[in-house]
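>>> Let's see this in three dimensions:
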Amino acid sequence: MVSAAIYIRVSTEEQAEEGYSLDAQQERLVAYCEAQGWDVAGIYADRGHTGRKISTREAYKRMMAEKDSWDTILVMKMDRIHRNSKNFIEMMDNLEKWGKKFTSMQEELDTSSAIGRFVVDMIQRIAQLESEQIGERTYAGMEQKATTGGLLGFYPPYGYKVEDNDLKIIEEEAAWVRYIFSSYLGGMTMCEIADAMNSNNFLTRQKKEWTKWSISRLLHNPAYAGYRRWDKVEVKSQHPAIIDLQTFIRVQELIASNVRDPRRRKVWSPPAGQ
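This is a model prediction of the structure:
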């Protein structure tokens, strides 16, 4: 009797879609095994994981490690197991080496023949194209949200917290942000500011000591002047500024003037029209 390893997967965005839920996939695949007279060797489920990566899919990795317990992998649809053709081809090479098979219920594919393997490869490349197009559309949507000032998921900078889907000032931290900016304008170096912060036992958000680089990142962050930055998008935001715009610009000019190589001197300025 053929022993099948049932693999089911649903990504975060697919969990609410009819037919893609883990329960729906499992019910249909178990019924398929019964119709084929196959034994179910195990059910391996990855919830909330993309099909483009393997590293985070613990059930998939466990299934491969337990290859001696099954004869074939059974999925409802090819894109449930991989959306990356390179990963799919690598899996198929391993299955052939181990003497195992792969079965997709919806595509009704037979990987034991050359034609079957060719068709599998073509379908997989189409699935990868679809996955990449989804990624492009997702990026475009996030870029649009950033352009209109929307708050995208990120770790709030020192001095802020996220509340009601916006940045709110943490006054105790904000006082030290103002100290850092005023000290730099007053002639202190970034290293000296970091030493002063550490000597007063004021650590970073991660409970680590301040360094020249963490001070530099803070001084360069336009969020403190009331702007939001995502990837290459930078817009004026409605969140409260900790540093006034002119002070922030003066700091950027001072930082640039301290860069020895003129070609590397970049002075921040507000986005055009803002």
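>>> Okay, now the unreliable bits of the stretch 51-200 of the chain?
Low-confidence regions of the stretch 51-200 of the chain, defined here as pLDDT under 70, cover residues 51-52, 85, 108-155, 165.
>>> now the strands for the stretch 101-250 of the chain?
Assignment of strands within the stretch 101-250 of the chain using DSSP state E, counting those that start in this stretch yields the ranges 101-104, 160-163, 166-169, 227-230, 233-236.
>>> Show me how far the third one is from its chain's centre.
For strand 166-169, the separation from the chain centroid amounts to 23 Å (computed by C-alpha atoms, centre = their mean, to the nearest Å).
>>> what packs against that strand?
strand 160-163 (3 or more C-beta pairs under 8 Å, 6 or more residues apart in numbering; DSSP states H and E). Quick note: C-beta positions are derived from backbone N, CA and C, even for glycine.
>>> List the buried residues of whichever strand or helix holds Glu253.
With the criterion set as DSSP states H and E, the secondary-structure element containing Glu253 is helix 245-257. In terms of neighbour count (16 or more other C-beta atoms under 10 Å), helix 245-257 has its buried residues at 247-249, 251-252, 255.
>>> just stretch 168-186 next, same as before
With the criterion 16+ other C-beta under 10 Å, stretch 168-186 contains buried residues 169-170, 173-174, 176-177, 179-181, 183-184.
>>> tell me the most buried of the strands of the stretch 101-250 of the chain?
Per-residue neighbour counts averaged over each of the strands of the stretch 101-250 of the chain give the maximum for strand 101-104, namely a mean of 20 (mean count of other C-beta atoms under 10 Å).
>>> next one: that strand to chain centre, how far?
When distances are taken as C-alpha atoms, centre = their mean, strand 101-104 is centred 30 Å away from the chain's centroid.
>>> average pLDDT across the helix holding Glu253?
Per-residue pLDDT over helix 245-257 has a mean of 90.
>>> packing partners for it?
With contacts defined as 3+ C-beta pairs under 8 Å, 6+ apart, helix 245-257 has these neighbours: helix 171-185, helix 212-220.
>>> from the middle of its chain, how far away would the first one be?
The one in question is helix 171-185. Between the mean C-alpha point of helix 171-185 and the mean C-alpha point of its chain there is a distance of 32 Å (C-alpha atoms, centre = their mean).
>>> So which elements touch that helix?
Checked by 3+ C-beta pairs under 8 Å, 6+ apart, helix 171-185 has helix 190-199, helix 212-220, helix 245-257 packed alongside it.
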